[in-house]
Structure formats: C-alpha cells, structure tokens
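J.: show me the folded form of this:
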Amino acid sequence: MAVQPTRKKDACDLLDTDHKAVHAMFKEYETLAGSRAKSATARKQELARDICAALTVHATVEEEIFYPAVRAAIKDDDLLNEAEVEHASCKDLIAQIESSDSADDRLDAKVTVLGEYIDHHVKEERNEMFPKARAARGLDLVAMRDVIEARKAELMNEQTV
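T.: Model prediction:
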C-alpha cells in the first residue's frame, strides 16, 4: 500500500482555521445568550468584540489577497461576487454590533444573525471556492498562506494599537 504524501497547509487551510475559531466563539456566545447574569453580559460583549475583530481581519485578507488571486485563477465571477456581497452584509452587522452597548436589547439577535451569515458563507467557501482554488493551475496556495499570515499579523497588531 502506497503512502500518500502529506499535503502542505495552504491558504484555504489557514482561512478555514479562522472559520473554526470564529465558529467556536459564536457557540460560546450562543451558550451565554439569554443569560442576564452580569458576568455573562460582560463576557458576551467581550466575545462580540472578539468576533467582530476576527471577522474584520479575516475579511480583509480574503478581499486583499485571496479573492483577487482566486478570481483570476478560476474565472468564476458569480462565486466571487456572491462572496463579496456576503462580506458587505457581514460588515454592516459588524458595524452595528461594534456600536452596541450593554443596553442594546438586540445585541444577541445581531450576533445570532451574523453567525448565520458566516455559517452560510463558510459552507460556500469550503464546498465550492476552496476546491476550485485548489484545482486551479498556477495558483500557489502554499505561498499565499505565508502572505496571508503576514498580513493577518499586521492587521491584528493595528487593532491592538
């Protein structure tokens, strides 16, 4: 039995790691939703901020690096256009969440809807975009992973300043 060579981690793997991390934050938020305990309220606000920050960085690297390269390589404008429209919708909700305070009785609803948008978006990337990107000729997703990692670090550093 021949041993399959191990595939190097690529840009799709890196982006999917982000997806999984944000999904975990949404799950934790969902567990806390509905609780009126002061500690739960404070943790929900912290999680909402963390979710928004992670999604902002993630969307930026996709829009600056991943999407343009994939668009050129796979020639599927519909798929990329839809992804960009989904990003715009998410950015609108992120802005609403970021401007919310603890008295906002719709914060849970906003975070829930954002999570639903993200779940839909992630499924399309995993099931459609990532396979097409990996099958595309001339698209070096391993090298792109390094570029995305560097840009993510830069963006996260800007958030903490």
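
J.: got any ranges where this structure has weak pLDDT?
T.: 1-5, 102, 161 (pLDDT under 70).

J.: and the helices in it?
T.: 11-32, 38-61, 67-74, 77-98, 107-124, 130-135, 141-160 (DSSP state H).

J.: would JSON lines of those with mean neighbour count be doable?
T.: In this view, the C-beta of every residue, glycine as well, is placed from N, C-alpha and C. Output for the helices of the chain, formatted as JSON lines (neighbours: other Cβ atoms under 10 Å):
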{"stretch": "helix 11-32", "mean neighbour count": "16"}
{"stretch": "helix 38-61", "mean neighbour count": "17"}
{"stretch": "helix 67-74", "mean neighbour count": "18"}
{"stretch": "helix 77-98", "mean neighbour count": "15"}
{"stretch": "helix 107-124", "mean neighbour count": "17"}
{"stretch": "helix 130-135", "mean neighbour count": "16"}
{"stretch": "helix 141-160", "mean neighbour count": "14"}
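
J.: residues in contact with stretch 142-149?
T.: By Cβ atoms under 8 Å, 6 or more residues apart in numbering, the residues outside stretch 142-149 that reach it are Lys8, Lys9, Asp10, Ala11, Asp13, Leu14, Leu15, Val61, Ile65, Phe66, Ala69.

J.: same check, this time on stretch 14-26
T.: Contacts of stretch 14-26 with the rest of the structure, by Cβ under 8 Å, 6+ apart, involve 47, 50-51, 54-55, 58, 61-62, 66, 111, 114-115, 118-119, 122, 125-126, 130, 145, 148-149.

J.: repeat for stretch 28-35
T.: Ala40, Thr41, Arg43, Lys44, Leu47, Ala48, Ile51, Asp108, Val111, Thr112, Gly115.

J.: for those residues, which one is nearest Leu141?
T.: Checking the contacts of stretch 28-35 against Leu141 with Cβ to Cβ, the nearest one is Ile51 at 25.9 Å.

J.: tell me the contacts of that closest one?
T.: Val22, Met25, Phe26, Tyr29, Ile97, Val111, Leu114.
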